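Student: Let me see the structure of the following:
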Amino acid sequence: MTVQSSSLPDAPPVSESRYFNRELSLIEFNRRVLEEAMDPRNPLLERVKFLAIFASNLDEFFMIRVSGIKQQIRAGVQKRSPDGQTPAEQLSAIRRALIPILEQERDLLLNELLPALHEHGISVLNTVALNEAQRAWVADYFRRQIFPVLTPLAFDSSRPFPFISNLSLNLAVVIRDQAKGELFARIKVPEVLPRLIPLPPELSPPRDDIPAARRYCFVWLEQVIADHLERLFPGMNVVEVYPFRVTRNADVEIEEDEADDLLATIEQGLRQRRFGEVVRLAVDDGMPDRICQLLAANLKVGPEDIYTVRGPLGLSDLMQLTRLDRPDLKDPPYVPRLPAVLKNAPNIFEAIRKQDILLHHPYHSFAPVIDFIQAAAEDPNVLAIKQTLYRVGRNSPIVQALMHAREQGKQVTVVVELKARFDEENNITWARAMERAGVHVVYGLVGLKVHAKLAMVVRQESDGIQCYVHLGTGNYNAVTARVYTDLGLLTCRPEIADDVVDLFNYLTAYSRQKEYRTLLVAPVNLRRRITELIEEEIALHRMHGNGRLIFKMNALVDRNIIDALYNASQAGVQIDLIVRGMCSLRPQVPGLSDNIRVRSIIGPYLEHSRIYYFHHGGKPKIYLGSADLMERNLDRRVEELFPLTDPALASYVADSLLTTYLNDNLRARELLPDGRYERVMPDGHEVIDSQDPRRIIPGC
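Tutor: Prediction:
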């Protein structure tokens, strides 16, 4: 097995500190996503999907991470990051890192993906390339569908510069009037219309080798608007038109302790998000300086905030293409399985009483989780249901089941996290619906986000009250469960159930509980117990010489945990870290982290599960849960890690899942001491894909 250098531009040099910069590490994650779009081994529409994800990730990066750094600069903060950079230095480093990556993104789109799509019967055309029949259809479409929606806004001495909303695509229009000279107007490209306008099949470019039903042709909405501006400015001479796009600060701060009504406060914060300061102005590369300067002056951005772009802006809209009926250009579909114990049991509660059940989504169906709540709603022996909800989606069967349970007379308590970023509005809608149904809705704890994934069913049985619980690494979201890798445990073990009861009491009432029987709970004892378990591994290694840690997570940036891992490495403990995204730990540095290896897995499914394995002198301890090793997760969120005590399930996670992740030579990249990632290659060995169900789900 070998590693191969990235085909993207090299990462910028980093300082020789103990830690990588988290912002640059996040850019490196997005670089890896872009590499998937570049990889010809991936089907064509999967490559388009990765490009759209890359663009969407960068939008969020600017809205949250860049905006946070700019706020520090505005506040005069000079505190250096763990790698020794001031906020201003970080902002400059971010731009230097992004410019070559964005150039690579444009080359990929314009020179590879769009031509390849055309070759396969999916044409995304510029309006200048349309033939006469296509132009006539587009003109009619503009008149019927687009023109009534448009609202041009002028900017002159009597009318202020119009507000430009976050992530909106706009046209800067220059008009020449005989009486008034040069005038400026802005047109917002309507978000209610498809960004890629589909032409009728009969107007698609003819192809003998592709059936008409599989051919598609699109034009860019903004180009259609630009070609018909005379309808918007009758009697005027439209001389120039240029697209531009704005990204604003979306990291709304909620002062919970001063809020009389948290629901209303968060709704107000959502409205404020639209008006956050501009942190990025993306402009077409043909825009002249005078127009760019006019936009910059009115949007209050500097040259460092302006990104000049070749080709269309807002590439996250390319996700529209991935919904086309072209299975030949996508990954083969996979039908999720049911664990055997659930196939044969008369009901889900009997199955759980028989044994602990581990679900591995998306390879295992999410249906048992839904069934767990739906069965509880219908079962006359169920007395109560308690659940946490973080991101549930728009049409949530889980929420519908909880409301139905209340209608059936069950006592239902739901802890809804209103501060789940970008899901606040959706969560508010569900919270109000559940309250109307009589569900007791709790909005979490002041100063803490409730990120733990918990559900509990209390059932009256012949031998007394029995509590059944589901604990997971992912959200109760049936849609994302099809594309996120997550683990969930269904159990009725009393020691775990008792901890879940105590944790719900902590969430809904008052508690100063400092210990739990089995769970590791943030911000109560999780940080301390993780540190203690690492220290125990060091002590056991000194006695037995077989110390081993394997952690799988989304992000590793907490310095105290990183330092504990450095100490373990220096003591000789072998450490493997599987970190999908940000990683501030510097591996394989002599004398510091010789025994630490870090890899990242990027594939069709988003790696979202968290697994913490401690060899523990040959008696492994394995924890799963919702927490990454970040300061926010350990100190400012309610998180939980739960143990796998069933020997068969623990063996499956250790010997099947983690081993496959560590041997992956198709989707893995290794982190080098200088901050670069190198792709792991088979090099003549068997190809091992950690997202191949046949490798990780028995019987597939």
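Student: Just the buried residues of stretch 155-169, please?
Tutor: 155, 162, 164, 166, 167, 168, 169 (16 or more other C-beta atoms under 10 Å). (Glycine included, C-beta is placed from N, CA and C.)
Student: and what of stretch 582-599?
Tutor: So, applying 16+ other C-beta under 10 Å, buried residues of stretch 582-599: 582-589, 593, 595-599.
Student: what do you get for stretch 53-72?
Tutor: Residues of stretch 53-72 classed as buried by neighbour count (16+ other C-beta under 10 Å): 53-67, 69-72.
Student: Would you mind pulling the contact partners of it?
Tutor: Contact partners of stretch 53-72, identified using C-beta atoms under 8 Å, 6 or more residues apart in numbering, comprise 23, 26-27, 29-30, 33-34, 37, 79, 87, 90-91, 94, 98, 105, 166-167, 247-251, 276-277, 279-280, 314-316, 318-319, 421-422.
Student: Give me the distance between the longest helix belonging to the chain and the centre of its chain.
Tutor: As assigned by DSSP state H, the longest helix anywhere in the chain is helix 87-107. In terms of C-alpha atoms, centre = their mean, to the nearest Å, the centre of helix 87-107 is found 21 Å from the chain centre.
Student: Ok, stretch 431-446 next?
Tutor: Distance, centroid of stretch 431-446 to centroid of chain: 26 Å (C-alpha atoms, centre = their mean).
Student: Start at 2, not 1
Tutor: Yes, from this point I'll number from 2; that puts the last item at stretch 432-447.
Student: low-confidence ranges in the stretch 202-351 of the chain?
Tutor: Low-confidence segments of the stretch 202-351 of the chain (pLDDT under 70): 253-276.
Student: what ranges do the strands span in it?
Tutor: Per DSSP state E, counting those that start in this stretch, the stretch 202-351 of the chain carries strands over the ranges 217-221, 238-249, 279-285, 307-310.
Student: What are the structural domain limits within the chain?
Tutor: Structural domains assigned to the chain are 20-121, 129-319, 341-509, 521-697, following automatic domain parsing.
Student: Worst mean pLDDT among those domains?
Tutor: Lowest mean pLDDT within the domains of the chain: domain 129-319, at a mean of 88.
Student: Go ahead and measure how far that one is from the middle of the chain.
Tutor: Domain 129-319 has its C-alpha centroid displaced from the chain centroid by 25 Å (C-alpha atoms, centre = their mean).
Student: what's the first-to-last distance across that domain?
Tutor: This stretch, domain 129-319, spans 20 Å end to end (C-alpha to C-alpha, to the nearest Å).
Student: Does residue 404 lie in a helix or a strand, and which?
Tutor: helix 398-408 (DSSP states H and E).
Student: what kind of secondary structure is residue 429 in?
Tutor: Counting by DSSP: H, G, I helix; E, B strand; the rest coil, the backbone at residue 429 sits in helix.
Student: pretty sure it is touching residue 435, no?
Tutor: No: taking contacts as C-beta atoms under 8 Å, residue 429 lies outside contact range of residue 435: 10.9 Å.
Student: Which of the buried residues of stretch 54-73 fall within helices?
Tutor: With helices taken from DSSP H, the overlap with the buried residues of stretch 54-73 comprises 54-61, 68, 70-73.
Student: any chance of those in TSV, with distance to residue 380 too?
Tutor: Formatted as TSV, these follow (distance: C-beta to C-beta, whole Å):
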residue	distance to residue 380
54	40
55	46
56	46
57	41
58	42
59	47
60	44
61	41
68	48
70	52
71	53
72	50
73	53
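Student: Just give me the neighbour total for the residue nearest to residue 300 when sequence neighbours are not counted.
Tutor: Closest residue in space to residue 300, ignoring its immediate chain neighbours: residue 279 at 4.7 Å, by C-beta to C-beta, 6 or more residues apart in numbering. For residue 279, the neighbour count with other C-beta atoms under 10 Å is 21.
Student: what is residue 279 paired to in the beta sheet?
Tutor: residue 249 (DSSP bridges).
Student: roughly how far apart are it and residue 297?
Tutor: From residue 279 over to residue 297 the distance is 9 Å, taken as C-beta to C-beta, to the nearest Å.
Student: which residues do the two both contact?
Tutor: residue 306.
Student: Next step: the buried residues of stretch 156-170 restricted to helices.
Tutor: Using DSSP H, none of the buried residues of stretch 156-170 sit in helices.
Student: Which members of the residues you listed are the farthest-apart pair?
Tutor: For those, the maximum inter-member distance is 20.8 Å, found between 156 and 168 (C-beta to C-beta).
Student: ok, the residue nearest to residue 300 to residue 167 distance?
Tutor: 9 Å.
Student: joint contacts of the two?
Tutor: 247, 248, 249.
Student: hmm, back to that, out of the domains of the chain, which is closest to residue 335?
Tutor: domain 521-697 (6.1 Å).
Student: mind checking how far the closest one is from the chain centre?
Tutor: Distance, centroid of domain 521-697 to centroid of chain: 20 Å (C-alpha atoms, centre = their mean).
Student: Endpoints of it, how far apart?
Tutor: Per C-alpha to C-alpha, the first residue of domain 521-697 is 27 Å away from its last.
Student: repeat for stretch 120-129
Tutor: End-to-end for stretch 120-129, by C-alpha to C-alpha: 19 Å.
Student: hey, where'd the helices end up in the stretch 252-401 of the chain?
Tutor: For the stretch 252-401 of the chain, helices defined by DSSP state H, counting those that start in this stretch occupy the ranges 263-274, 290-300, 341-345, 349-355, 368-379, 398-408.
Student: Out of those, the one nearest residue 611 is which?
Tutor: helix 368-379 (17.4 Å).
Student: Which residues does that closest one contact?
Tutor: Here helix 368-379 makes contact (C-beta under 8 Å, 6+ apart) with 337, 339-340, 343, 348-350, 358, 360, 383, 386, 388, 398-399, 402-403, 405-406, 409, 411, 456, 458, 460, 469, 471, 473, 477, 479, 482, 489, 491.
Student: any residues touching stretch 101-113, and which ones?
Tutor: Contact with stretch 101-113 is made by 9-10, 28, 31-32, 35, 38-39, 52, 55-56, 308, 310-313, 316, as judged by C-beta under 8 Å, 6+ apart.
Student: Return the members of the residues you listed classed as buried.
Tutor: The buried subset of the contacts of stretch 101-113 - by 16+ other C-beta under 10 Å - is 9, 28, 31-32, 35, 38-39, 52, 55-56, 308, 310, 313, 316.
Student: Widest-spaced pair of these?
Tutor: Spatially, the most separated pair among the buried ones among the contacts of stretch 101-113 is 28 and 313, at 22.0 Å (C-beta to C-beta).
Student: What is the neighbour count of residue 414?
Tutor: Residues near residue 414, counting by other C-beta under 10 Å: 19.
Student: got the contact list for it?
Tutor: Residue 414 neighbours (C-beta under 8 Å, 6+ apart): 385, 386, 387, 388, 440, 441, 443, 505, 509.
Student: can you rerun that using 10 Å?
Tutor: By C-beta atoms under 10 Å, 6 or more residues apart in numbering, the contact list for residue 414 reads 385-389, 403, 407, 440-443, 457, 505, 508-509.
Student: Repeat that for residue 315.
Tutor: The neighbourhood of residue 315, defined by C-beta under 10 Å, 6+ apart, consists of 53, 56-57, 60, 168-170, 190, 196, 223, 244, 246, 283.
Student: just residue 455 next, same as before
Tutor: Residue 455 neighbours (C-beta under 10 Å, 6+ apart): 387-390, 416, 470-473, 477, 500-501, 504-505, 508, 520, 627, 639, 641, 643.
Student: For stretch 612-626, list the C-alpha coordinates in PDB.
Tutor: Output of stretch 612-626 as PDB, limited to C-alpha atoms (Å, rounded to 0.1, in the frame of the first residue of the first chain):
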ATOM      1  CA  ILE A 612     -16.000   5.500  17.900                       C
ATOM      2  CA  TYR A 613     -13.500   5.600  20.800                       C
ATOM      3  CA  TYR A 614     -11.600   2.400  21.300                       C
ATOM      4  CA  PHE A 615      -9.300   1.800  24.200                       C
ATOM      5  CA  HIS A 616      -7.400  -1.500  24.200                       C
ATOM      6  CA  HIS A 617      -7.200  -1.400  28.000                       C
ATOM      7  CA  GLY A 618      -4.700  -4.200  28.600                       C
ATOM      8  CA  GLY A 619      -6.500  -6.700  26.300                       C
ATOM      9  CA  LYS A 620     -10.000  -5.900  27.800                       C
ATOM     10  CA  PRO A 621     -11.200  -3.300  25.200                       C
ATOM     11  CA  LYS A 622     -13.500  -0.500  26.100                       C
ATOM     12  CA  ILE A 623     -15.500   0.900  23.200                       C
ATOM     13  CA  TYR A 624     -17.600   4.000  23.300                       C
ATOM     14  CA  LEU A 625     -19.900   5.400  20.600                       C
ATOM     15  CA  GLY A 626     -21.800   8.600  20.700                       C
END
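Student: Thank you kindly, that will do.
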